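**Student:** pasting the sequence and the predicted coordinates here, then a few questions.
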Amino acid sequence: MKEHLETALKIKNCSDTAKRFFKDTFPEKVKPYMEIIRGVMEAKKIDTIPALLVISKTEAYESDGMVQMMFMAATVELIESENKK
């Protein structure tokens, strides 16, 4: 349980960093990453975090820190939007 909470905190911190970095353009910048996560979720019939884990094993994710940050931010955005419903 502690490991899951620490991971969630790291993902949330990445999201906060992306929001500070991109400021007003954040919603537009994160949108394509959210669409990719949704696509993985639908294709594999999995939830948000497992979809991020699938994506995290790709070369594009592993080789680019900015891409990692944006996928984590997109994950947080999707989870938060699901919780608002």
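**Tutor:** Nice, thanks for sending it over. Residues are numbered from 1 along each chain as shown.

**Student:** residues touching residue 17, list them.
**Tutor:** The contact partners of residue 17, taken as Cβ atoms under 8 Å, 6 or more residues apart in numbering, are residue 69. The C-beta positions use only the backbone N, C-alpha and C, and glycine is treated the same way.

**Student:** so it versus residue 65, what's the distance?
**Tutor:** According to Cβ to Cβ, to the nearest Å, residue 17 and residue 65 sit 11 Å apart.

**Student:** got it, and residue 80?
**Tutor:** 23 Å.

**Student:** how about residue 45?
**Tutor:** Taking Cβ to Cβ, one finds residue 45 at 30 Å from residue 65.

**Student:** who has more neighbours, those two?
**Tutor:** Ranked by neighbour count (other Cβ atoms under 10 Å), residue 45 and residue 65 place residue 65 first, with 10 against 7.

**Student:** can you pull the pLDDT of the more buried one?
**Tutor:** What the model reports for residue 65 is a pLDDT of 93.

**Student:** by mean pLDDT, which helix or strand of this protein comes out lowest?
**Tutor:** The helix or strand of the chain with the lowest confidence, counting by mean pLDDT, DSSP states H and E, is helix 2-22 at a mean of 88.
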